[in-house]
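Participant: When you get a sec, could you give me coordinates for this:
(4 chains)
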Protein chains: 2
Amino acid sequence: MDGHSGEKLLYLTDEQLRKGIEAMFFAYRGFTSDPDRILEKYGYGRAHHRALHFVNRSPGTTVNNLLGILGVTKQSLNRVLRTLVEDGLVDSRVGQRDKRERHLHLTPSGVSLERKLADAQQARVRAAYRDAGPEAVAGFRKVLEAMMDAENQKYFHSLKE
Amino acid sequence: MDGHSGEKLLYLTDEQLRKGIEAMFFAYRGFTSDPDRILEKYGYGRAHHRALHFVNRSPGTTVNNLLGILGVTKQSLNRVLRTLVEDGLVDSRVGQRDKRERHLHLTPSGVSLERKLADAQQARVRAAYRDAGPEAVAGFRKVLEAMMDAENQKYFHSLKE
DNA sequence: GATTTTACGTCAGCCTTGTTGACTTTCCAA
DNA sequence: TTGGAAAGTCAACAAGGCTGACGTAAAATC
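Facilitator: Purely as a prediction, here's the structure:
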């Protein structure tokens, strides 16, 4: 292989890069808007959504693992998690093997709200995928993955599918 | 054309959609992390970055137009804009034709900080684009655009290039 | 067995950035 | 000339980040 690993060189102008950056900004707003509307009715915020999502994705995950995935402090996560436990959406069980750990699970109501939020968000993503077509979807995923920090790429790959 | 507009039907599983959603989440974190580090040194936040970015992109834009693009309240924007004007990064000029309007421009120091932030963010995007390749980039942009709200798509298209 | 480290929770306080509501000033346009 | 739009300001509040300090229990290590 040569120095360019056989890849085409990309000559990206400032404007092309700016448009990509702006696309991320506007798209992320759309991406969060549907769940946000639902959460508002429950008195929750995006932080609650993220917690519900990742607890659902990794049932039995520990607080520490969740902290890594979410990239926030334990105080911040704890505030959110506490309300979810109090409201009966999340179950926090003391670990069997290691009793210092808490293993998190969604309760039936937690599953129900998570499902509602996921449906709303998935509807938009599905529509965008349909409009853009399968090749575009593959490219979308490829670029997003390359945009993550190495640590988050690891978390990303550790998730199902 | 038939009912499917000649497009391939996509059978997207729950897991495929979830992975796309998670990719957006992790990628957006990477996307904002480099500018965030710079902003911290200046005592600014993401809101300041957004204001600098869009004032730079549309020099002379009015506060009202910026409100639409950013999707926040005027009180929220005003707080950010005021500090930028006070710190000499943004110039707010009373309109010639309509003196109620304020036209916003970056000062030389504003241009300088915006450039620094853009360089950091663009470096990551450029690297991701290079890793993913040109076809992936096209798909990335296509999906992001389809994910935006209609109103934001209009703003997006109104921007240069 | 004693000590250190880890996991988790909690209290207190701070910051940014979003919100609503009320009010004023300016000034264009009908 | 007057109504309403554009802009700005003040006040108050909330979500959700943050740091720092402290406590407890359990595991790991010396």
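
Participant: going forward, measure contacts between C-alpha atoms and count neighbours the same way
Facilitator: Noted.

Participant: Now do the helices in chain A.
Facilitator: Assigned helices in chain A, in chain order: A:14-42, A:46-57, A:63-70, A:74-86, A:108-132, A:134-147, A:150-158 (criterion: DSSP state H).

Participant: Neighbours of whatever residue of chain A ends up closest to DNA strand D, how many?
Facilitator: Nearest residue of chain A to DNA strand D: A:G45, at 2.6 Å (C-alpha to the nearest atom of the strand). Neighbourhood size, A:G45 [other C-alpha atoms under 10 Å in any protein chain shown]: 16.

Participant: For DNA strand C, give me its nearest residue in chain A.
Facilitator: Using C-alpha to the nearest atom of the strand, A:N64 is the residue of chain A that sits closest to DNA strand C, at 3.1 Å.

Participant: Now do that residue against A:Q96, distance only.
Facilitator: Between A:N64 and A:Q96 the distance is 16 Å, computed by C-alpha to C-alpha, to the nearest Å.

Participant: quick one, which of the two is more surrounded?
Facilitator: Set A:N64 next to A:Q96 and count neighbours by other C-alpha under 10 Å: A:N64 wins out with 13 against 10.

Participant: ok so, going back, which residues does the closest residue to the residue of chain A closest to DNA strand D other than its chain neighbours contact?
Facilitator: Once flanking residues are discounted, A:G45 sits nearest to A:L39: 5.9 Å by C-alpha to C-alpha, 6 or more residues apart in numbering or on different chains. For A:L39, the contact set (C-alpha atoms under 8 Å, 6 or more residues apart in numbering or on different chains) comprises A:45-46, A:49, A:117.

Participant: Including pLDDT, could these go into CSV?
Facilitator: What follows is those, written out as CSV (pLDDT from 0 to 100):
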residue, pLDDT
A:G45, 95
A:R46, 96
A:H49, 98
A:L117, 98
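
Participant: List only those of those flagged as buried.
Facilitator: The neighbour count (16 or more other C-alpha atoms under 10 Å in any protein chain shown) marks A:45, A:49, A:117 as buried among those.

Participant: which residue sits closest to the last one, ignoring its sequence neighbours?
Facilitator: Computed as C-alpha to C-alpha, 6+ apart, the closest residue to A:L117 that is not its neighbour in sequence is A:P35, at 5.2 Å.

Participant: Isn't the one you found up against A:A123?
Facilitator: No - with contact defined as C-alpha atoms under 8 Å, A:P35 and A:A123 do not form a contacting pair (10.7 Å).

Participant: Have a look at those two and say which one is more surrounded.
Facilitator: A:P35 (21 against 13).

Participant: Next, work out how far apart the more buried one and B:G30 are.
Facilitator: A:P35 is 22 Å from B:G30, where distance means C-alpha to C-alpha.

Participant: and what of A:T61?
Facilitator: Applying C-alpha to C-alpha, the value for A:T61 to B:G30 is 23 Å.

Participant: Then A:D131?
Facilitator: A:D131 is 26 Å from B:G30, where distance means C-alpha to C-alpha.

Participant: now swap in A:A136 and tell me
Facilitator: Here the criterion is C-alpha to C-alpha. By it, A:A136 lies 21 Å from B:G30.

Participant: now A:S92
Facilitator: From A:S92 across to B:G30, the span is 30 Å (C-alpha to C-alpha).

Participant: any idea how far B:F31 is from A:V63?
Facilitator: 25 Å.

Participant: ok, the two, which is more surrounded?
Facilitator: Comparing A:V63 with B:F31 by other C-alpha under 10 Å, the one with more neighbours is B:F31, at 24 against 19.

Participant: quick one: contacts for the more buried one?
Facilitator: B:F31 makes contacts with A:147-148, B:121, B:124-125, as judged by C-alpha under 8 Å, 6+ apart.

Participant: One more pass at 10 Å, please.
Facilitator: Residues near B:F31 by C-alpha atoms under 10 Å, 6 or more residues apart in numbering or on different chains: A:21, A:24-25, A:144, A:147-149, B:24-25, B:120-122, B:124-125.

Participant: on that earlier part again, quick check: the residue of chain A closest to DNA strand D touching A:P35?
Facilitator: Yes - counting by C-alpha atoms under 10 Å, A:G45 touches A:P35, with 9.1 Å between them.

Participant: Could you count how many residues lie near the closest residue in space to A:Q153 that isn't next to it in sequence?
Facilitator: Once flanking residues are discounted, A:Q153 sits nearest to A:E145: 6.8 Å by C-alpha to C-alpha, 6+ apart. By the criterion of other C-alpha under 10 Å, A:E145 has 25 neighbours.
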